[in-house]
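this one's structure only:
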């Protein structure tokens with residue numbers, strides 16, 4: 001479990017979308033904006049799968065992902081980790097509390113954060 005620095009916590013909890021980067025098995029990148037997100041306990045970050053197409057395919061082939069986020073207060077941060085797409089369990093059930101019922105809420109992607117950067121500086 002990683003200890004998430006305060007600067008990363010503030011950036012990930014800020015209002016607005018994050019950039020969510022995935023790559024296929026052959027390394028073809030894909031980046032989307034995701035706005036239905038939640039910081040979880042234990043150095044984990046959740047993103048609701050409402051409309052993942054290429055993103056979902058990439059996650060099935062390659063679970064390594066990155067997220068970029070920021071706020072005026074702390075600037076930008078990047079997290080990297082390994083994700084799991086969940087369609088059941090406590091994290092999936094909790095998603096229904098923080099994602100609007102107007103959204104499909106097909107699954108939740110939970111990222112186990114193992115690297116944190118502020119610019120080029122590694123924080124964790």
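Everything's here; your move. What you see is a predicted model, and the numbers here were worked out from it, not measured in a lab.

Please, where are all the strands along this protein?
Along the chain, counting by DSSP state E, strands occupy 18-23, 29-34, 37-40, 44-49, 64-71, 75-86, 107-118, 121-122.

Which positions in the fourth one come out as buried?
Of the residues in strand 44-49, 44, 45, 46, 47, 48, 49 count as buried by neighbour count, 16 or more other Cβ atoms under 10 Å. Placement of C-beta: from N, CA and C, glycine included.

which helices and strands does that strand pack with?
Packing contacts for strand 44-49, counted by 3 or more Cβ pairs under 8 Å, 6 or more residues apart in numbering; DSSP states H and E, involve strand 37-40, strand 75-86, helix 90-98, strand 107-118.

could you dump those to a markdown table with mean neighbour count, mean pLDDT and distance to residue 68?
Conversion of the helices and strands packed on strand 44-49 to a markdown table gives the following (neighbours: other Cβ atoms under 10 Å; pLDDT from 0 to 100; distance: least, Cβ to Cβ, whole Å):
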| stretch | mean neighbour count | mean pLDDT | distance to residue 68 |
| --- | --- | --- | --- |
| strand 37-40 | 18 | 96 | 12 |
| strand 75-86 | 18 | 96 | 5 |
| helix 90-98 | 14 | 97 | 21 |
| strand 107-118 | 20 | 97 | 9 |
